[in-house]
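J.: test case, fold it:
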Amino acid sequence: MGYVINRLFQGLMVIAVMAVLVFIGVYAIGNPVDMLISPEADQAEITATIARMGLDKPLWEQFLAFLNGALHGDLGTSFIYNEPAVRLILDRFPATLELALAAVLMAVVVGIPLGVIAGLKPNGIAGRSIMTISILGFSLPTFWVGMMLMMIFAVNLGWLPSTGRGQTGSLFGIEWSFLTGDGLAHLLLPAVNLALFKTSLVIRLARAGTREVISQDYIKFARAKGLSEPRVILVHLMKNMMIPVVTVLGLEFGSVVAFAVVTETVFAWPGIGKLLISSIVHLDRPVIVAYLMLTVMLFVTINFIVDLIYAALDPRVRRKESA
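T.: Here you go, the predicted structure:
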């Protein structure tokens, strides 16, 4: 229990510190009034708009008002849409979530088998080729790959749609693209683009895990017992090398959600990343702050869950924290 409370306190401290940094960083840059008020507006209209947005108060008063609202679940009202910023983000979150899930699923399905092959045959042609491909995945810019995918598969070949989310289906009152054929077609290219970097990461993790596990005594014992090579790999090797892979993927999932901005912009995917870019262009401060704060809370929550899983699997972690 002490370990859980300690981790929970650390997470709350991170959120509190980030709230101050995010608010000051966003509210100290630019003047949204210049973006939102017509150049022909008179001084009375400008003053009324500034007062309505609460921008006429000192920064510390604006922060206290923001903090008071945040404690009640209110992160401000969008200057552009005149709607609660949290609602705007949550309305677009399912689009980003399914894109992130599709990308992570692709990374797992493609990256783990390739990583195991590269680990089992590190000096072979297959192993070297796979590692070369993984280097390309790390090196190629996401926006460039996205445009190339769009040009080849959407423009030249005409196999897939280039932009948008396509037709959606409803599940639990939420619209999802994967429930329709048209939605899946629209989802494929952005998901592949977003999955490229993570696939390279999974390949390297799986390769390193395979190289470490393959030399262990229980693998040698399993082979000595006469077990078939597929059984040794699928049961004994995979079960043990997947622990670090799953852990890192859990932490990386938050980054996939948070940093899908480039992919969503290239493919005009209506998720929170595209909303963020639009909000930055128009200096819609409440939406920017709400996005960053929700992202921080997502990372903190995922790290908290991973820490709890680690503590459950390894009691030494709990004892070390309690000492």
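J.: flag every buried residue along the helix or strand hosting Asn6.
T.: For Asn6, the host element (DSSP states H and E) is helix 2-27. Buried residues in helix 2-27, counted by 16 or more other Cβ atoms under 10 Å: Tyr3, Arg7, Gly11, Ile15, Met18, Ala19, Val22, Phe23, Val26, Tyr27. Where you see a C-beta, it was placed from the backbone N, CA and C, and this is true even at glycine.
J.: just stretch 169-181 next, same as before
T.: Glu175, Trp176, Ser177, Thr180.
J.: quick one: low-confidence ranges for this protein?
T.: 1-3, 28-43, 46, 49, 53, 235-236, 309-323 (pLDDT under 70).
J.: just put the buried residues of helix 2-27 in a markdown table and tack on distance to Ser278.
T.: Listed next are the buried residues of helix 2-27 as a markdown table, based on distance: Cβ to Cβ, whole Å:
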| residue | distance to Ser278 |
| --- | --- |
| Tyr3 | 42 |
| Arg7 | 36 |
| Gly11 | 30 |
| Ile15 | 25 |
| Met18 | 23 |
| Ala19 | 23 |
| Val22 | 18 |
| Phe23 | 20 |
| Val26 | 15 |
| Tyr27 | 18 |
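J.: excluding chain neighbours, what is closest to Lys121?
T.: Leaving aside its chain neighbours, Lys121 sits nearest to Gly127 (4.4 Å; criterion: Cβ to Cβ, 6 or more residues apart in numbering).
J.: now tell me what touches the helix or strand where the one you found lies from outside.
T.: Element membership of Gly127, judged by DSSP H and E, is helix 125-139. Helix 125-139 is touched from outside by 114-115, 117-121, 196-197, 199-201, 203-204, 207, with contacts defined as Cβ atoms under 8 Å, 6 or more residues apart in numbering.
J.: select only the buried ones of these in PyMOL?
T.: Command for PyMOL, covering only those of the contacts of helix 125-139 found buried under the criterion 16+ other Cβ under 10 Å:
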select buried, resi 114+115+117+118+119+120+196+197+199+200+201+203+204+207
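J.: nearest to Gly226 among the contacts of helix 125-139?
T.: Closest to Gly226 out of the contacts of helix 125-139 is Leu120 (19.1 Å), distances taken as Cβ to Cβ.
J.: in stretch 251-269, what's buried?
T.: So for stretch 251-269, counting by 16+ other Cβ under 10 Å, buried means 252-258, 260-267, 269.
J.: and that stretch, how far apart are its ends?
T.: 23 Å (Cα to Cα, to the nearest Å).
J.: now do the helices in the stretch 151-300 of the chain.
T.: Taking DSSP state H, counting those that start in this stretch as the criterion, the stretch 151-300 of the chain contains helices spanning 181-213, 217-224, 229-231, 238-258, 261-266, 272-281, 285-313.
J.: any chance of those in TSV with distance to Thr142 as columns?
T.: Compiled in TSV, those are given as follows (distance: least, Cβ to Cβ, whole Å):
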stretch	distance to Thr142
helix 181-213	6
helix 217-224	37
helix 229-231	36
helix 238-258	12
helix 261-266	5
helix 272-281	12
helix 285-313	18
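J.: from Ala258, how far out is the spatially closest residue to Ile280 that is not a sequence neighbour?
T.: Closest residue to Ile280 apart from its sequence neighbours, by Cβ to Cβ, 6+ apart: Ile288 at 6.3 Å. For Ile288, the distance to Ala258 equals 13 Å [Cβ to Cβ, to the nearest Å].
J.: so who does Glu264 touch?
T.: Here Glu264 is in contact with Thr96, Leu99, Pro190, Pro270, Gly271, Ile272, Gly273, Lys274, Ile277 (Cβ under 8 Å, 6+ apart).
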